[in-house]
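Novice: give me a 3D structure for the following:
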Amino acid sequence: MSNRAKVATAGVVAAIILFWTVGFWAGLLVLIGVPVAAYLLLDPAQRRRLRSATRKQIGS
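Specialist: Coordinates of the predicted model:
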């Protein structure tokens, strides 16, 4: 199993657990809010570099 498949599987499992334990809207807020917060914590130079990178460059 590739690394992307493992991450995708973990994300689906985390979503199911969150939706089941804390409710749909709270789980959705966590699943969307965590990546957004992580992006906002980056330096402006890191954000620029991340935006300029293609999808293949991010994974490798």
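
Novice: what about Asp43, distance to Gly27?
Specialist: 30 Å (CB to CB, to the nearest Å). Yep, even glycine has a C-beta here, placed from its N, CA and C like the rest.

Novice: pick out whichever of these two has more residues nearby.
Specialist: Neighbour tally, Asp43 and Gly27, criterion other CB atoms under 10 Å: the higher count belongs to Gly27, 18 against 8.

Novice: residue ranges with poor pLDDT in the chain?
Specialist: Applying pLDDT under 70 to the chain flags residues 54-60.

Novice: next up, the contacts around the residue nearest to Leu18 when sequence neighbours are not counted.
Specialist: Excluding the flanking residues, the one nearest Leu18 by CB to CB, 6 or more residues apart in numbering is Gly27, at 3.4 Å. Going by CB atoms under 8 Å, 6 or more residues apart in numbering, Gly27 touches Ala15, Leu18, Phe19, Thr21.

Novice: between those residues, which sits nearest Arg4?
Specialist: Here the nearest of those to Arg4, counting by CB to CB, is Ala15; it sits at 16.4 Å.

Novice: buried residues, whichever strand or helix holds Val30. List them.
Specialist: Assigning secondary structure by DSSP states H and E places Val30 in helix 24-40. With burial defined by 16 or more other CB atoms under 10 Å, the residues of helix 24-40 counted as buried are Gly27.

Novice: run the chain-centre distance for the helix or strand that it is followed by.
Specialist: As assigned by DSSP H and E, the chain's next helix or strand after helix 24-40 is helix 44-52. Computed by CA atoms, centre = their mean, to the nearest Å, the chain-centroid distance of helix 44-52 equals 17 Å.
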